[in-house]
Structures are given as structure tokens and as C-alpha cells.
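[1] here is a sequence with its predicted model. Questions after.
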2 protein chains.
Amino acid sequence: MTPDDESPSRPSGPRAAGAPRPDRDDGSRAEAEAHLERRELRTGQRPGTKYVRIERPHAREFRRAPEGHIIATERVLEPRGGFALFWTRLKRLVIGSPLTTAMSVHERIPKIKALAVFSSDAISSSAYATEEILLVLTLAGAAAATSRTMLWITGAIILLLAIVATSYRQTIFAYPGGGGSYIVTRDNLGDIPALLAASSLLTDYVLTVAVSISAGVAAITSAAPGLVAFRVEMAIAFIVFMVVVNLRGVRESATIFMLPTYLFIGSMLLVFGIAAFKYVALGELPRAEAEAVPAVEGMSLFLVLRAFASGCAALTGTEAISDGVPAFKEPQAKNAATTLVWMAAILGVLFGGIGLLAHVYQILPNPDGNPTVISQVVRLTLGTNVLFYLVQAFTTLILVLAANTAFSDFPRLSFFLARDGFLPHQFSFRGDRLSFSTGIVVLGALATILVISFGAETSALIPLYAVGVFVSFTCSQSSMVKRWWTRRSPGWQRSMVINAVGAVTTGLVSIIIAATKFSHGAWMILIIIPVIIATLYAIHRHYEAVAAELVLDPQRDTLELVNTKPLVIVPLPNLHLGVLPALSFARAISDNVTAVHVTDDLEAAERLKQRWEEWGQKLPLVIIESPYRSLLPPLLAYIAARRENEPNRLVTIVLPEFVPKHWWEWILHNQTALRLKAALFFHANVVVADVPYHLKH
Amino acid sequence: MTPDDESPSRPSGPRAAGAPRPDRDDGSRAEAEAHLERRELRTGQRPGTKYVRIERPHAREFRRAPEGHIIATERVLEPRGGFALFWTRLKRLVIGSPLTTAMSVHERIPKIKALAVFSSDAISSSAYATEEILLVLTLAGAAAATSRTMLWITGAIILLLAIVATSYRQTIFAYPGGGGSYIVTRDNLGDIPALLAASSLLTDYVLTVAVSISAGVAAITSAAPGLVAFRVEMAIAFIVFMVVVNLRGVRESATIFMLPTYLFIGSMLLVFGIAAFKYVALGELPRAEAEAVPAVEGMSLFLVLRAFASGCAALTGTEAISDGVPAFKEPQAKNAATTLVWMAAILGVLFGGIGLLAHVYQILPNPDGNPTVISQVVRLTLGTNVLFYLVQAFTTLILVLAANTAFSDFPRLSFFLARDGFLPHQFSFRGDRLSFSTGIVVLGALATILVISFGAETSALIPLYAVGVFVSFTCSQSSMVKRWWTRRSPGWQRSMVINAVGAVTTGLVSIIIAATKFSHGAWMILIIIPVIIATLYAIHRHYEAVAAELVLDPQRDTLELVNTKPLVIVPLPNLHLGVLPALSFARAISDNVTAVHVTDDLEAAERLKQRWEEWGQKLPLVIIESPYRSLLPPLLAYIAARRENEPNRLVTIVLPEFVPKHWWEWILHNQTALRLKAALFFHANVVVADVPYHLKH
């Protein structure tokens, strides 16, 4: 062994393996990236040779883009520290891995999935709309309910559905980028009508979640009465489930919700087929046992209109597709329009079929909703067997999952509102999985409050429902009329007539619903909507005023080049190592530093002063005696006084802060610093700098 | 009018009225005060004359002390701003005006008041102790309850009271500065036994509040059954009342509590007198209607011990006086000792008298506690008349107000624990009114939790009670034994024997109570006390370790005089006026400033970069693309990278922050800054400086 073997990797010259090599500098390195490099001057083995060793220790966390900026990689998302690690892993497990913004294109969904995602709300309402009509008609006695009046009302609602769908088809083509009532109305009629549309929809989305989930829970508890005591808890559990599914992002939720929607549609079509076969082949149809129901009031136009208004719940959710055009596969508008037509057709067939069979079977609704009208239709057609229970299960599923439509729409509408400055900016941030996290969580929270307030009772919630939807329909259709009138593009007359018919019809229906349901709960909505409008508008005015205030004039608003050092005040709890970083920092940034000690114990203060002078760091120490023991007010008054006396200097408070090793130890420290910061934030125009001292214990 | 009259105060020379005069500088002006002066150089009327005008705009807020420090006056406590003004006025109204620390001497109270403040707990327990004994004895049948066993047990408890009082008398003289179990035990036996005493007492104080207030509420609801549904709300209202009264300070609470205590004592003595008169003058005494109560179990030693253990609740509160010696007027120890003897005597007379009358009248307790034993004694003596209802009212009052003893003791014990580093420092701060606000509020909160958890039911809480008190008695007496043994001061043998008898007796009683009440709830206390001990000890170890870590060596630990400017990073949301103060500040404190913009919208970032360059302030701007849309992780990673690459510079994050005009607008801004600060606080060793931009809107 020669002595040279002792260090096998020892460099024998500048070109030897393992030796530091000068990095090729291409001369165009962005300043940004250069900041992340570690440069080290090394002396080579031969006398006089020197090398600059350039390390990029953070190359895995940041890449350099060709345009000169730097790109953060997924590695920066890796948690540091115990709790963060646990939290991140839990989040990945529940919500999934993060997606890049560029992936959002792939999140677009085909028609067959889109129908399930956007139509479950509308289609599921066929499960209760017929019952709502019959419940009102029964007030005039059994004969009124089983008369042809119900068929006429059902027909009128299907016609209304056709008008609304035709109207909205035009909206989809006019607004391929997403034509929800809010966007269309804002574009054509201005802010206030747009806010009317938006707040109506926001209210109705929250109600959709509460009503659908309460109805689903009611279906479960009719099957298992032992669970009745836990209806609110079950409803909340469903809402939490919805929130999690939607935080995972739209593609997964489409997959989850596809099956129940198609199973429900398929099973209902099967029911209709069997009923038709029985009629054609066997020539006879069963009849429900007619019970004598006494008339509470006489048959009147008002009652018919109220029955019609109740049945209009069938149309809730129809606007979902026009709102969600950007989620469709290309060609977006065409696909969305086709899906809308299919949705309207399916809803019309289901609603019409159920209505027809209920009339033919002479079914009467039960005041407590048990069994439901749809379940009577299914049972009389199929008999009480496994198939019947399966259909019931599908009905329950689609009712619960209908809430998902609201979870697609509410966050999207909130995003538009936030983008336009009507809601706090948080609503416009996309989460790790590209979903609008804030909107999803807020919708879940509001629906939970509704469910708790109304004890998860569907019947109590139903009267609040549907007003909002028809108000937004009216806003949207009126906007389209204005649009055709203004633009006069080819064929505008025909289109304008279609939308005008839609606007007038839905406007009339809005008035009918509000009037006939007013005393049953719709009055709450008529109070809430103006409150929401006022709030959104106030937020908007605030943001507008701030934006105007902040406009920067490049000529006038320059950084003052006068290097006025700040006037620094360091509140001093005591003289120990914990205050050293703060004092060092204070001295580094200014030549005008004062340490201030507030006390009610003058003897201790005297000792501090003595130790301070012994320490001899030549910083002035001011002792403020506080006979009332309060710490903050004397300090704040002192700071205010210094600030007034030197108006040309920026006053900076340098706060020594303890950073404990464990987060729960935080309560043992810094309480005073925290209170001081809160007080300074709102009261004094001063800079506050926190200088940490990391405790080893 | 001459032209001179135009400005009547116009100076005609340096000595003219109203002219700025040079301030007499006594040469010894403290630097502190000089900071608060505004100096202005003025030119006099005669050519060449100049004056320094010295203003003290803050003279009313700060005075100068002869020793050189400055004194904050009450004016600094004056609120600035609408909400603060309202809050302060409300606080003054409810809690009272602030008191200076110097006033605390005057807060000391005479014996007659002290007896009321410190004894209401002990004396009020005579209202239920007899009943507790009888309730246990009734398990062996009516004959067992009305036998002389009850008298023997009552006698044993009065003997125990005499032993404890004699023991504590010695403690008061040995510890005139306040001789609670905790202090005495820590002084003689060390930390862990002291924590045993302290945690036992803390637990029992919370229970005293919950039990006394629940008992008081029960007395009210027996009179007005309609209020039963609101018992928890009423109990909470009483607790809130207690908290407010005690935040006002000890003198006022003494005045408030004096009347009920003496009315109760007086009325019970009246009852005894009338009974004695009836016996002597009329020669006969009434008898309760004897009901046949079946025996549930046979008479046994265990049952007698359990009855004794239940009756020991009479002794709770006996330690209060030794704990509160510093609150007495001078001579403190002598006054306290006298008060202790009086308290024991009164309690003994009341407890003995009630026991004797209950035996003579052959009273049996009711399982639901309605009517109570004491009310039967009073009714049989006085008859059902106004006097009877008055005595009932006094009993209710003293029961509710007995909770006040705990409100004196819990905060004081917390103060001692905080002073010794076993509880967070907040517990050692005195409020505006010299009371230990944190302890009072925490006690109120804990008692509220107990009241809610146990539905304000006294019978459910009683079994948890009294264990803690006797454990602390035992700790305290054992410590005194150790003390006499160690010091051997004159007469130590006799004193040691007294305390040894006390220690052995109370130790035995503790074991009896724990054993006989174990399955009825005392097991909870036996779990909670060790948990509290462990928590207090963990806090202590943390503070000790921190204190040791922070010791400053004046020679070694000096401020580094190398004026290393910090490396400054300014997270830049956009280029507007709101970021100007932050950028100015950054440039003023350092020559190494980088603005960083994190984005997922590269086009907007490109526009920002362009505007930044047009603005031309020559500060580098780094754009970080964040494909996962997250803002914080890339920023944190960048900060970490910069910090690692320049280990010799202190990295400072300068955050532009909006200060809205109205506090509720805060939710519309700064959400990101807040999250960033939270993340930086726990993860990065960097200075964070908030630079405010005060919004005009």
C-alpha cells in the first residue's frame, strides 16, 4: 500500500474523477435560478489553480423553465415534520394525489357520464313530483285527486319542461364557455339582475342538498324504523361523504354517480314496459284500494295552481347542464345540447309515465308520505318481490346522489362570483385535485346547518324549494331575449320568440310558486335572497374600491430611494438568550434601536437595568412603570408617541418570539406577543417583525 | 388698530409672551423621556436668534419618575377606536375601574369579613352533611338511622374537625405568608407530594363550585318546579355571576357575601334557641312522622364507615383560611388563626345542633332529597310560617355563595403554581382589579363543563367530592410533622404530636372515603389527580429546561457587531400600491432584496414581469411556476433553499398586509398572508415582518 491509497478519491488534478469541475456558464442563466446555487471557491492541487464549485442542492425541488422563470416540482409539496406528514398522507388517502393545472383538460367527461353527473338532480325529482301534485289535490277530496286534473297538470309541467329545455339549448350554443343564469344575466342585463339569479341559485343549491339527502334518509328510515333517531346524524354523514367525493375531483364523482342514475332510469322504464305489456296482453290493470278521503276545501283555481307549483319541483336541476358546458368533451356546446335534450326527454318520460300510471291505478298519496306514490306505482305493477325492493333501493340511491348536482354547481357558481369580485377570493382557488375546495366545503357546511335546523325533515324543506330555480330561469331567459334583440344575428327573430316564451312562462311560474307557497315557507326565501344580493354587492363594492385605490402609477409611485432607516422598538420581557436574535436583527436593520421593558415590579426592573448595563451592548433601555399592571396599553401609547414624534421614519416593532419544539407547547409561550400583534395590527401603522428563537426543549 | 394687533401673540422677542422658550435642561434628563419629546428648531425674529422648541405632547400619558424611568398614567388605558371604546366601557361597568398595584394593600379585609369570605364553604356544608350520614344509614332501615349511631358519627366528625383546625392553626403561624397545602408540602416534602396536594385541591375547588351551585339551584327548583327544565341554564348563570363578582376583586365580593353567611348562622342559632326553649319551658319536643323504611342491607362496620365518609363533606373548605392568610388585615397570622377557630366552632355548633335535633325529632331523609333534613329540622322547630321560608332562603343563598370560597382559592393556588412554573404564566397575571383573572375564568369554565356533564344534579356530583380535600389535608399535616422534626424549634415535640395526630387521622379518613365511595364515582378522581400531576410536572420540566437554555453569559453572549444585512424576500401578490410600503421597507433594511411571485398563470406572470421592468425600481423579481396551484409549498421551499445557501445571513420575509378599515372586512383580505405566517412560524428559522397598508375603503 502506497500512501496515495489512503484516500482513493483524492483528486490528482483538475480533470481527475471526483474533482470539482468548473460549471459551464451559458451566460444566460436567470438571476432567479442563480439565487438557488451554492458557489464555493476551491483551490486546486497545482499552485495557482482555483475553481468555482457550483452546487444546486435544490435541483429536485425547482426546475428552470426556458422562459427564465423557475418551476416548482411535486417535491415541494412533500411535508416536513411529523404532524404535517401525517396530515398530508391522510389527505392523499382521502382526496387523492394532487393534479397539475395542465391535467384539467383530461378531466372533461363524455356525454354518457355527463348525463349522470348533471341530470341526477332533475331526473330524481320525478320520484316525488307526482306525489307533491296529488298531496295538494287531495285537499279537495279523493275524487279531485283521482280526476283527470292531475293529468292536465302533469302535461302542463312537461310542456313547461320542453319550453325551458328549448330555451336553454339556445343558451348553451350562445355561451359555450358556460352559460349559467348568472353569467348570461350579467352579460346582458347587468350586475343587480345577475346577483338576483346568482343568489336564487345559491339558495336553491343548498336546498337541493338538504332536500335530496333528507329524502334519501327518509327512504332508509321507512325501511329501517330503528334508525329514525339517527336521521340527522345519517344526513350529516351523507353530506360529509359528498364533500369528500367532490374534493376528489369531477372525474371520479362522475364514475361513482353513473351507475345509480342509469339503474333508476332503466328500472323505471322496465316498470312502464311491464305495465304496458299487462295492459296489452292481459287487458286489465290493477287498482289501488280506494279510501274515502274527506275534502278539506273545495276545488278551486288556486288549489290547481298550488298543485302545479308543487309539481314544478320536477324542473329543479334543469339548468345544471348549461352551467357546466366547460366540463364536456369537445365539441363542448354540441355535446352539452344533446345531453340536455336527452335529459329533458328522460325526465318527461319518467314524470309522464309515473303520472299516467298513478292516474290509471287511482293512487292516493299518504299524508305521512309512507308508502310514497312512486313506490305504490312500482308495487302495483311488479308485486311485492325482490324486484320491487331493488327499484326502491335505486330510488333511494338516486335521491341521495342527486345532491351531487349541487356539489358540481355551487362551487362553480361561487368561482364565477369570486372571479368577478362578489365573493371572497378564496372561492376562486382550485384545490390539489382541481376542484373548488372552498365552495364544496361551504356548501357542505350550509346544507348541514339546514339539515340540523329542520331536523332532516323533507316535508319542512320542500316549500322553500323551487322558487329560486324559477327566478333564475326567468333571469336567464330574459337575458337571452335582450341578447337577440341587441345582436340581431341571422335568425334572431325565431330565437328571440323561443326565449321570450320561456321568459314569460317561467316568470309567471315564479309568481305562481311564490304566491301559492308563500305562507308555507317560501317567505323565508323571499327574505334571504335580497340579503344575499346585498352582501354580494357590498363585497363587490369593497373590492372595487380597494382595486381603484391600489392602482400604481409607474411614474409617480416609486420606491423612495432615501434610505431612511426605520426607528426600531424591541419590547423586552427579560434579558436572556431568547431576546438576542431580536436585538441582533434590530441592530442589523437600524441605528436607532430602543429596548422597552414594561413592568409593575420596579425592583425587578432595577435589577434588569443593572444587568443590561453590565452587559454593555450600548443599546438604550427604557423602563415603563405600569401601575395598573397592564402591559399592552402603555406599550401601545409609547409606540404611538414615538411614531408621532418622528413622522418621517417607519416605526418597526421587533418582537422576540419563542418557537417551541412541539406545537402543543405553544400555549406556554408567546401569549403576550400574540396579544400585542393583534393590537398593533388594527391600531398602529407600524411594521411588526417576529424574530424567532427556536427552543431546543 | 395698528398692524401689530393682527397677531396678538406674535413674539416680539425671545422673552415675549407666547414665544417659544428654550427649555431649561437640567442635564440629567433620562434618555427615555427625551424620546417622547418633540424638538423643533425655530428662528427668532431678530436675525441670528434660534430656539429649540420642546413639546411634550404625551405628558398626560407618561410621567417621569425620580429614578429615571417613566410611569404610564391611567390615560394610556383609554381605548382608541369604536369597538375598543364600547368594550372598555362595558368592562368598567361590569368589573369596575382598574386599581393600581399599590392599592392592593388596602384590599386586605378584617376578620368579620374574612370569616364570611373564607368560611361560607365550610359552614354551608352543615346544611347537607347530616343528610348525607342519614342517607347511608337508612340503607340499614329506619331504626338504624334514628339510632344513636348517627350521633356517634356526628361526634366523630366534630372531633375530626377539632383535630384538623388545631393542626391548621399551627400551619397559619408557621406560614404567615399563606400556608396552603401546596406551599407547605412543597416547602417540606418536595415537588411531587406538593403536586399531589395541589391537584387534589384544584379538583375539589371545581367540584365545590359545581356541587354548591347545583345544590342551590335544586333548592330553588324544589320551591318552583316549573324551573326544573332550566336547571343547567340557571346553574351556568350563577357561575357567570360568580366569575364577574370575583373579577371585580376581593373587597367587593367580601361585602356581597357577608350578609348571607351571617344570616344563615344567625337563623340556625335562633332555631336551636327556640328548640331549647321549647324543651326547657314546655318540656316536650315534636316528632317526625315515622315511616317504615325497609332495610336494604344489614348494619355493618362498612356502612358506618361509609356514613362517616359521607358526613366528612362537612370539613370541605376548612383549609381555606390557611391558604388565604395574606388577605387578612395585620397582624395577619393572628387574625387568621382567630378566624379559623371561630369558623371551626361555628361549624361544629351548627353541625352538632342539626345532628342532635334530627336525632331527637327522629327525622328520616328522603331518597329524592325533598324536603331536606335541615328543612325538616327547621319546620318542626318553627312551624310552617314566614320565618321558616326565610331560613330556607338563607340556606339557599349560603349554598350558592359557598362557591365563592373556591373562587378565592382556585385562582390563588393557580397563581402559586404558575409562579413556581407548574402552570402557564398567564395564571400569575393580576387583572385590572387585582384579581387573578385567568384562574377565575378557568375555574368558571371547568365548573360549567362539570355542571353540563352532570346535568346540574347534586347527587351525581357528591360522591366525587371530599376525597381531594382529605388528601390535601394529609399532605399538609405530614409536611408540618417533617418541619417540626427538621427544625426542632422550642416546643417542637408538642407541635409535632398535634400535627402527627392530624396527619394520621386525615390520612385514615382519606383511605376510608376513597374505599367506601370508590364505586360511586370516587374512581374518577383517582384517575384525574394523577393526570393533573403529570401535566403540571410536564409544564414545570418544560419551563425549567427553557430557563436553563436561556441563561445569558454577559461575556460570551454579545450582539454580533458585524452589521450583516439580512437577506430579504418579499412575496409579491401583484404590483399595486399595497405592496409599496413592503418593498420600501425591504430596501431600507437591506441591499439584498428579492421579490417572489408564485403563480399557475404564466401569462399573467409574464405581464407582471413586464410591468415590473417598466416600473424600473431595479429590484430582482423571481417568478415561480406552481403547476399544482399550491402557493405556500413552493414559497417555503424557495425560502428554505435561500436560507441554506446563505447560512450567514438572517433571512427576512417581508409580507405586505392589508389593514381594512372595518375589522369584519378582514375575511376579504390577507388569508394567504395568515397561512404563510402560520407555516413559517413552525417550520422556518426566518424573521417575518408585516408591513401594513392601511386601506382607505
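    Great, that's in hand.

[2] strands along the stretch 501-650 of chain A, start to end?
    Taking DSSP state E, counting those that start in this stretch as the criterion, the stretch 501-650 of chain A contains strands spanning A:567-571, A:593-599, A:621-625.

[3] list the contacts of residue A:236.
    By CB atoms under 8 Å, 6 or more residues apart in numbering or on different chains, the contact set of residue A:236 is A:448, A:451, A:452. For every residue, glycine as well, the C-beta is placed using N, CA and C.

[4] may I have the secondary structure class of it?
    Under DSSP: H, G, I helix; E, B strand; the rest coil, residue A:236 falls in the helix class.

[5] for the residue nearest the centre of chain A, which non-adjacent residue is closest in space?
    Centroid-nearest residue in chain A: residue A:439, 1.1 Å away (criterion: CA atoms, centre = their mean). Distances taken as CB to CB, 6 or more residues apart in numbering or on different chains put residue A:411 closest to residue A:439, at 2.8 Å, once the chain neighbours are dropped.

[6] so who does the one you found touch?
    Residue A:411 neighbours (CB under 8 Å, 6+ apart): A:246, A:427, A:435, A:436, A:437, A:438, A:439, A:440, A:443.

[7] what mean pLDDT does the host helix or strand of it get?
    Using DSSP states H and E, residue A:411 sits in helix A:403-419. Over the span of helix A:403-419, the pLDDT mean works out to 86.

[8] quick one: distance of that helix to the chain centre.
    6 Å (CA atoms, centre = their mean, to the nearest Å).

[9] buried residues in that helix, which are they?
    A:403-418 (16 or more other CB atoms under 10 Å in any protein chain shown).

[10] same check, this time on stretch A:473-487
    Residues of stretch A:473-487 classed as buried by neighbour count (16+ other CB under 10 Å): A:473, A:474, A:475, A:476, A:477, A:478, A:479, A:480, A:481, A:482, A:483, A:484.

[11] so what touches that stretch?
    Residues from elsewhere that reach stretch A:473-487 (CB under 8 Å, 6+ apart): A:164, A:167-168, A:170-171, A:174, A:179-181, A:184-185, A:187-189, A:193-194, A:196-197, A:200, A:315, A:318-319, A:322, A:492-493, A:495-496, A:499-500, A:502-503, A:506-507, A:509-510.

[12] check contacts around residue A:591.
    Listed by CB under 8 Å, 6+ apart, the contact set of residue A:591 reads residue A:565.

[13] do residue A:405 as well
    Applying CB under 8 Å, 6+ apart, the residues contacting residue A:405 are A:117, A:118, A:119, A:120, A:121, A:122, A:208, A:317, A:320.

[14] could you do residue A:521 as well?
    A:460, A:463, A:464.

[15] now swap in residue A:300 and tell me
    Counting by CB under 8 Å, 6+ apart, residue A:300 has contacts residue A:140.

[16] distance check, it against chain B.
    Residue A:300 is 44 Å from chain B, where distance means CB to the nearest CB, to the nearest Å.

[17] check residue A:123 too.
    From residue A:123 to chain B the distance is 34 Å (CB to the nearest CB).

[18] the helices in the stretch 351-500 of chain A, which residues?
    Taking DSSP state H, counting those that start in this stretch, the helices of the stretch 351-500 of chain A run over residues A:373-382, A:386-401, A:403-419, A:437-453, A:458-461, A:467-487, A:492-517.

[19] distance to residue B:151 added to those helices, as JSON lines?
    Below are the helices of the stretch 351-500 of chain A laid out as JSON lines (distance: least, CB to CB, whole Å):
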{"stretch": "helix A:373-382", "distance to residue B:151": "74"}
{"stretch": "helix A:386-401", "distance to residue B:151": "70"}
{"stretch": "helix A:403-419", "distance to residue B:151": "71"}
{"stretch": "helix A:437-453", "distance to residue B:151": "57"}
{"stretch": "helix A:458-461", "distance to residue B:151": "63"}
{"stretch": "helix A:467-487", "distance to residue B:151": "77"}
{"stretch": "helix A:492-517", "distance to residue B:151": "75"}
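
[20] least reliable of those going by mean pLDDT?
    Minimum mean pLDDT among those: helix A:458-461, a mean of 76.

[21] for it, C-alpha coordinates in PDB please.
    Output in PDB follows, covering the C-alpha atoms of helix A:458-461 (Å, rounded to 0.1, in the frame of the first residue of the first chain):
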ATOM      1  CA  THR A 458     -88.200  16.700   3.800                       C
ATOM      2  CA  SER A 459     -91.700  18.000   4.200                       C
ATOM      3  CA  ALA A 460     -90.500  21.000   6.100                       C
ATOM      4  CA  LEU A 461     -87.900  21.900   3.500                       C
END
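
[22] show me how far that helix is from its chain's centre.
    How far helix A:458-461 lies from its chain's middle: 25 Å, per CA atoms, centre = their mean.

[23] for it, which helices and strands make contact with it?
    Packing contacts for helix A:458-461, counted by 3 or more CB pairs under 8 Å, 6 or more residues apart in numbering or on different chains; DSSP states H and E, involve helix A:191-223.

[24] centre of the chain to the helix it packs on, how far?
    That offset, for helix A:191-223, works out to 15 Å (CA atoms, centre = their mean).

[25] rewinding a little: wait, which of the buried residues of stretch A:473-487 is closest to chain B?
    Checking the buried residues of stretch A:473-487 against chain B with CB to the nearest CB, the nearest one is residue A:475 at 26.0 Å.

[26] if we can go back for a sec, could I get the buried residues of stretch A:473-487 as TSV with distance to residue B:303?
    Below are the buried residues of stretch A:473-487 laid out as TSV (distance: CB to CB, whole Å):
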residue	distance to residue B:303
A:473	79
A:474	80
A:475	80
A:476	81
A:477	85
A:478	85
A:479	85
A:480	88
A:481	90
A:482	90
A:483	91
A:484	94
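
[27] quick one: which of those residues is nearest to residue B:673?
    Among those, residue A:475 lies closest to residue B:673 (CB to CB), at 37.0 Å.

[28] okay, that closest one and residue B:308: tell me how far apart.
    Going from residue A:475 to residue B:308 by CB to CB, to the nearest Å gives 80 Å.

[29] before we move on, what about residue A:216?
    Going from residue A:216 to residue B:308 by CB to CB gives 60 Å.
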